[in-house]
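Trainee: Return a 3D structure for these sequence lines:
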Amino acid sequence: MDSQSPLFPLAGGKIPAKLAASEMLSRFNRTDWTTTNLGAAQAWPAALKAACRMMLASPIPMALLAGREGIMLYNDAYIAIAGGRHPDCFGASVLSAWPEVAEFNADVIDRVFGGESLSYEDQNFTFNRNGIAETVWLDLDYSPILDDDGSVVAVLALVVETTKGVMAEQELAQSREQLSLALGSSAIVGTWDWHVPEDLVYSDEKFARLYGVDPQVASHGTPIANFVRTIHPDDVQSVGSGMQSAMETGSRFSKEYRLVQEDGSIKWVLAEGQPLIDHNGQCIRFPGVSVDITAQKEAVEAHARSEIGFRTLANAMPQMVWSTLPDGFHDYYNARWYEFTGVPEGSTDGEGWNDMFHEEDRERAWAVWRHSLQTGDAYQVEYRLRHHSGVYRWVLGRALPIRDNNGEIIRWYGTCTDIHDAKMVQAEREIVAHELSHRIKNIFSVLSGIISLSARSAPESRNFADLLRKRIEAMGRAHDFVRPHSRTSRPVDLETSIFGLSQRLLEPYGLEEMDNRIVFAGDDTVIGDSAATPLALLLHELATNSAKYGAFSHPNGRLTIAGHHDQENYVLEWKESGNPAIVHQPEQEGFGSRLMKISVEGQLGGQFQRKWDEDGVRVRVSVPLASIRRSSKLAARP
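Mentor: This next block holds a predicted model:
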């Protein structure tokens, strides 16, 4: 350093090493002060130079605001305060160097040059010292630097940034406020703080009332015995030993126990605390919280009772009962399941139950189950399940989903019902029904044969015999249409409906050749076996008359068979057209007409109407749906 430093003209270069290394002393010596209003540093008042020496040697952030313009001189410690404005603000007016607080600094200069000393604690400013606006807090002390004649030549500023401390206090205060709000909004949480040496427990109102202590007394501190007395007698020892252990080891205390209220009712609490241990290993404080968990305990107990009730009921049922998680994981079976299957408990959890299915039913049952899991649809399927005897028995599997308030599936409950015996009986009944139906069909064939043979010996009755034989054949077709079929005997295109029966009865009249002349329109309807015979006789008579006199007797004739539902009735219309000859109503009613009326009105309880239009006959039949769909078969036993 230059031995002729304006601040140390007599030092001869011998100044403290730390000061000699000062960045700001070096910068001070390099500055041409003649370019400022302060003039050459050698001519500065002695008080100003002394203040500069003291400032540069101080570890505390300091700045000198020299003259009324407040020319800035500062030490190394102030560089952090200046931030990005260093070094440009050195030797510049504080009013221009810090424009955002120019008004504040101008007021300080005026008041200090007027003889005042100023002090500010945690003064808030918004600076732009590093390229962005930032909020800072500073402790500031301003003192006048007096010349020999008592005049003020500069302002000495001690600057300490307290931003981190202020922000930490604000965050702490905010955390305390949030905790206070959280505890204040809760009706179940109370706080306590046990000062152990004095044996005084300080608590909030909720904790005090929970333990039956006067809140006013608890707020000023009261012995812990006043709180312990409400603990259930069966829990006192456990709570005491838990707290003693925590105080000896410094570990966290956590315990659930019961409190006996003034009215004799019981409340459950969860108490948690953290003892504070001093350097001698003694517990000096024991703060914590107590949470009222009565509602949760009651809910758990209610659930346990419900679970016991469910398992008792499920085990008492004759059916196999099971349940799964929402994803289909099986986690419960009742006693009937294990009795039926004979497998060890738990061995069919998860997907283990799949091995219990007959291999021919396994994929089908799983496909139905996967569909239910994906869609939430009810599950129902019949399959063979391995019995503990090793024999596979037919069971009916059913399951329904349980949903929460949002409609989400939370569990599946299902049953397996042994239907093997009923299944076997049903199979036997089907065999008997097929055999009886086959024999009835043979009877129709025998009758037709007898009529044909009889007609040969009585030629005069041949026409009558032909009509009778065809009517019996029509009844045979009707029986074949509705009789029980096996998988092999059932025609592929068989439909047990009005339109299906009509097509079967029109086959003898060349239905395929007349395909473009016969139209089916409107609603079809299913028919039962009881209605098949009278409907067959009706349709047979209409088709026979059409072949003799109506649409089927002419190449341009057309037939429309239309149906529709009329409330509780089904209406069938037979409309012929394209008859070149004018059609008239017959003078007298024949046997065929009477047979049609008997079939519709007598056997089915319906209405029969027939009209003769110019180009063909039109028949309208209205029959109760209950009569059309009635079956004479015995219902299968459940």
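
Trainee: For Leu625, grab phi and psi.
Mentor: With angles defined as degrees, to the nearest 10, Leu625 sits at phi -60, psi -30.

Trainee: And for it, the neighbour number?
Mentor: 15 (other CB atoms under 10 Å). The C-beta positions use only the backbone N, C-alpha and C, and glycine is treated the same way.

Trainee: what's the nearest residue to it if we skip its chain neighbours?
Mentor: Leaving aside its chain neighbours, Leu625 sits nearest to Tyr570 (5.3 Å; criterion: CB to CB, 6 or more residues apart in numbering).

Trainee: Could you list the domains of the protein?
Mentor: 17-166, 186-298, 317-418, 425-628 (automatic domain parsing).

Trainee: okay, Ser5: pLDDT?
Mentor: pLDDT for Ser5: 81.

Trainee: returning to what we had before: what's across from the residue nearest to Leu625 in the sheet?
Mentor: The partner list for Tyr570 in beta bridges (DSSP bridges) reads His565, Val623.

Trainee: That one contacts Val623, doesn't it?
Mentor: Yes - Tyr570 lies in contact with Val623 (CB atoms under 8 Å); the separation is 5.6 Å.

Trainee: list the buried ones in stretch 79-92?
Mentor: 79, 81-82, 85-86, 89-92 (16 or more other CB atoms under 10 Å).

Trainee: Including distance to Phe125, could those go into CSV?
Mentor: Listed next are the buried residues of stretch 79-92 as CSV, based on distance: CB to CB, whole Å:
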residue, distance to Phe125
Ile79, 18
Ile81, 11
Ala82, 13
Arg85, 13
His86, 17
Cys89, 15
Phe90, 20
Gly91, 22
Ala92, 18
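
Trainee: Tell me which two in those are the farthest apart.
Mentor: Farthest pair in the buried residues of stretch 79-92 (CB to CB) is Ile81 and Gly91. Separation: 16.3 Å.

Trainee: hang on, the earlier thing: right, and the domains of the chain - which one's nearest Leu10?
Mentor: domain 17-166 (12.0 Å).

Trainee: how many other residues sit next to Arg630?
Mentor: By other CB under 10 Å, the residues close to Arg630 number 14.

Trainee: SS state for it?
Mentor: Three-state assignment for Arg630 (DSSP: H, G, I helix; E, B strand; the rest coil): coil.

Trainee: where do the strands sit along the stretch 301-450 of the chain?
Mentor: 320-324, 330-333, 379-386, 392-403, 409-418 (DSSP state E, counting those that start in this stretch).

Trainee: Columns mean pLDDT, mean neighbour count and distance to Thr533 on top of those strands, output as CSV?
Mentor: Converted to CSV, the strands of the stretch 301-450 of the chain look like this (pLDDT from 0 to 100; neighbours: other CB atoms under 10 Å; distance: least, CB to CB, whole Å):
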stretch, mean pLDDT, mean neighbour count, distance to Thr533
strand 320-324, 87, 21, 45
strand 330-333, 87, 18, 51
strand 379-386, 91, 18, 33
strand 392-403, 91, 18, 35
strand 409-418, 89, 18, 37
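
Trainee: Now, the buried residues of stretch 79-92 that are in strands?
Mentor: Among those, none falls in strands (DSSP state E).

Trainee: picking up where we left off before, just send the domains of the chain back as TSV, with distance to Arg305 too.
Mentor: Shown next, in TSV, are the domains of the chain (distance: least, CB to CB, whole Å):
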stretch	distance to Arg305
domain 17-166	57
domain 186-298	10
domain 317-418	17
domain 425-628	42
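
Trainee: for those domains, which one sits closest to Glu307?
Mentor: domain 317-418 (9.9 Å).

Trainee: In the stretch 451-600 of the chain, mark out all the strands, start to finish.
Mentor: Here the stretch 451-600 of the chain has its strands, by DSSP E, counting those that start in this stretch, at 518-522, 558-566, 569-577.

Trainee: packing partners for the second one?
Mentor: Under the contact criterion of 3 or more CB pairs under 8 Å, 6 or more residues apart in numbering; DSSP states H and E, the helices and strands touching strand 558-566 comprise helix 498-506, strand 518-522, strand 569-577.

Trainee: If we use 7 Å, what do you get?
Mentor: With contacts taken as 3 or more CB pairs under 7 Å, 6 or more residues apart in numbering; DSSP states H and E, strand 558-566 sits against strand 518-522, strand 569-577.

Trainee: neighbouring contacts of it?
Mentor: By CB atoms under 7 Å, 6 or more residues apart in numbering, the residues outside strand 558-566 that reach it are 498, 502, 517-525, 546, 551, 570-578, 622.

Trainee: Which among the residues you listed count as buried?
Mentor: Using 16+ other CB under 10 Å, the buried ones in those are 498, 502, 517-518, 524-525, 546, 551, 570-577, 622.

Trainee: Chain neighbours aside, what residue packs nearest to Asp600?
Mentor: Quick fix: residue 600 is Val, not Asp. Spatial nearest neighbour of Val600, chain neighbours left out: Phe608 (4.2 Å); criterion: CB to CB, 6+ apart.

Trainee: so who does that neighbour touch?
Mentor: Phe608 neighbours (CB under 7 Å, 6+ apart): 596-597, 600-601, 621.

Trainee: just Val201 next, same as before
Mentor: Neighbouring residues of Val201 by CB under 7 Å, 6+ apart: 192, 194, 221-222, 224, 227.

Trainee: Bridge partners for it, pull those for me.
Mentor: So, taking DSSP bridges as the rule, Val201 has Trp194, Thr222 as bridge partners.

Trainee: Next, work out how far apart it and Gln244 are.
Mentor: Using CB to CB, to the nearest Å, one obtains 16 Å as the distance from Val201 to Gln244.

Trainee: Check Ala11 too.
Mentor: 70 Å.

Trainee: One more: Lys423?
Mentor: Distance of Lys423 to Gln244, computed by CB to CB: 70 Å.

Trainee: okay, these two: which has more neighbours?
Mentor: Per other CB under 10 Å, whichever of Lys423 and Gln244 has more neighbours is Lys423, with 16 against 12.

Trainee: Could you tell me which ranges of the stretch 451-600 of the chain sit under the pLDDT cut-off?
Mentor: Filtered on pLDDT under 70, the stretch 451-600 of the chain yields the residue ranges 451-495, 509-515, 580-585, 587-588.

Trainee: Would you map the helices across it?
Mentor: With helices called from DSSP state H, counting those that start in this stretch, the stretch 451-600 of the chain shows them at 462-482, 498-506, 529-548, 591-597.

Trainee: Likewise for the stretch 51-200 of the chain?
Mentor: Using DSSP H, counting those that start in this stretch, the helices of the stretch 51-200 of the chain run over 79-82, 94-97, 102-113, 163-185.

Trainee: hey, least reliable of these by pLDDT?
Mentor: helix 163-185 (a mean of 63).

Trainee: Dihedrals phi and psi, Glu601?
Mentor: When read as degrees, to the nearest 10, the backbone of Glu601 gives phi -80, psi -40.
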